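Q: mind looking at a prediction? Sequence and model below.
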Amino acid sequence: MSKDPVYQMWAALRRSTMEMRQQNGRAVVLRQAKELAQKTHQINKNAQNLHLKDNFEVPAYLKHVDNHLMPGSYHTEYFNGDVANAANYDSGIFVTTAGMLGRLTDGGGKAIAKWVQDTYPEFKPKKILDIGCGLGHNTLPIAVAYPEAEIIAIDAGAPMLRYGAARASALGVKNVTFVQMDAENMAEMADASFDWVQTTMFLHETGGKAIHNIFGEIKRLLAPGGLNLHIEQPQYTPEMSYYEQFMRDWDAFYNAEPYWGHMHDLAPSALMQEAGVSENDFMQVGVKAVNDLDDKKQDSKITEDFGRTPIWNVFGGWKKP
């Protein structure tokens, strides 16, 4: 395919689009970076929902990758208290997805919260862990759905966590604490201390060995009878066409997603067994994202969403009591 001129043109345009999105977003954000940092600081200065660590070591699988072609990825700080990359990501992901995740880009979190409530109405988690939370796009809908629960949201990127804590406060969500932590080593958190462990589009950005270390930690942290769910890229199956597999792998080669292809090849059921979920308790479902910008809500005559609202691949299971 790399020798086909039509594919060359299409791939070049798509790559150029991603680069332009990042550079235009950075141009908007960097010229107001100090002001954004000051506003974030003012919101966070007396808050108790943010815990950063001095001399935190960013995991190796993140350190040298500009995820999604965003220079500096999620963790780079240009000055003390910086939130520029988080602001760039927050505004840019809406553009990149063409609004298909809603006005706050939280369609994945809203979908999983609604699905859990509808499917397991008796489930009342007291403590929830969101791993790789970023700036909390998908954390906050879960927190809103379960207001009595304590939510711990961890990530390696300080700019993301600063911005996320301020964003949560600005949106009036008070039951989430943002903590800087390496998901491979969550030793500071007690065994069997969470009723629900969640990741949303995080696993495909971890290195080969890291993902197995993370699932080992999930096994330790999840309480007996607890729920373990992951929104992630779908795995390749014999039923999936070579064309779809090829198209899905584009990001691994041209969009700075080096672990993307590896995630497609892993068996979710095997990962869940590493997390303490038996094969009999494994589940994999398609959950439709919730989009508050859906055309159907603007015009009752429209009955088709034209692919605007994605179906999330969700896998997980319950840990035996």
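A: Yep, it's here.
Q: hey, let's count contacts and neighbours off CA atoms from now on
A: Fine.
Q: return the top strand by length along the chain as CSV; C-alpha atoms alone will do.
A: Taking residue count as the measure and DSSP state E as the definition, the longest strand of the chain comes out as strand 222-231. C-alpha atoms of strand 222-231 as CSV (Å, rounded to 0.1, in the frame of the first residue of the first chain):
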residue,chain,number,x,y,z
LEU,A,222,-9.4,-4.7,43.3
ALA,A,223,-11.6,-5.9,46.2
PRO,A,224,-13.2,-9.3,46.0
GLY,A,225,-16.5,-8.9,44.2
GLY,A,226,-15.2,-5.7,42.5
LEU,A,227,-15.7,-4.6,38.9
ASN,A,228,-12.9,-4.1,36.4
LEU,A,229,-13.7,-2.4,33.1
HIS,A,230,-11.6,-1.1,30.2
ILE,A,231,-12.7,1.0,27.2
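Q: name every strand pairing with that strand and say which way it goes.
A: Applying DSSP bridges, strand 222-231 is found paired with strand 194-200 (parallel), strand 311-318 (antiparallel).
Q: so which of these gets nearest residue 239?
A: strand 311-318 (15.4 Å; CA to CA).
Q: hmm, back to that, pick out the shakiest of the strands paired with strand 222-231, pLDDT-wise.
A: Per-segment mean pLDDT for the strands paired with strand 222-231 reaches its minimum on strand 311-318, at a mean of 93.
Q: can you list the buried residues in that strand?
A: 312-318 (16 or more other CA atoms under 10 Å).
Q: which residues are contacting stretch 29-37?
A: Contact partners of stretch 29-37, identified using CA atoms under 8 Å, 6 or more residues apart in numbering, comprise 81-84, 87-88.
Q: now for those: which two are most distant?
A: Distance extremes for these: the farthest pair is 81 and 88 at 15.2 Å, using CA to CA.
Q: how about the strands in the protein?
A: Secondary structure of the chain (DSSP E): strands located at 50-51, 127-131, 150-155, 176-180, 194-200, 222-231, 282-288, 311-318.
Q: any chance of these in TSV, plus distance to residue 273?
A: As requested, those are exported to TSV (distance: least, CA to CA, whole Å):
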stretch	distance to residue 273
strand 50-51	31
strand 127-131	18
strand 150-155	23
strand 176-180	27
strand 194-200	15
strand 222-231	11
strand 282-288	8
strand 311-318	9
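Q: so which of those strands is nearest residue 27?
A: strand 150-155 (25.1 Å).
Q: just the CA atoms of that closest one, as CSV, please.
A: The C-alpha coordinates for strand 150-155 follow below in CSV (Å, rounded to 0.1, in the frame of the first residue of the first chain):
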residue,chain,number,x,y,z
GLU,A,150,-14.7,8.4,46.3
ILE,A,151,-12.9,8.6,43.0
ILE,A,152,-9.1,8.4,42.8
ALA,A,153,-7.8,9.4,39.3
ILE,A,154,-4.2,8.8,38.6
ASP,A,155,-1.9,9.9,35.7
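Q: residues making contact with that strand?
A: Outside strand 150-155, the residues that reach it (CA under 8 Å, 6+ apart) are 126-134, 136, 139, 143, 161, 175-183.
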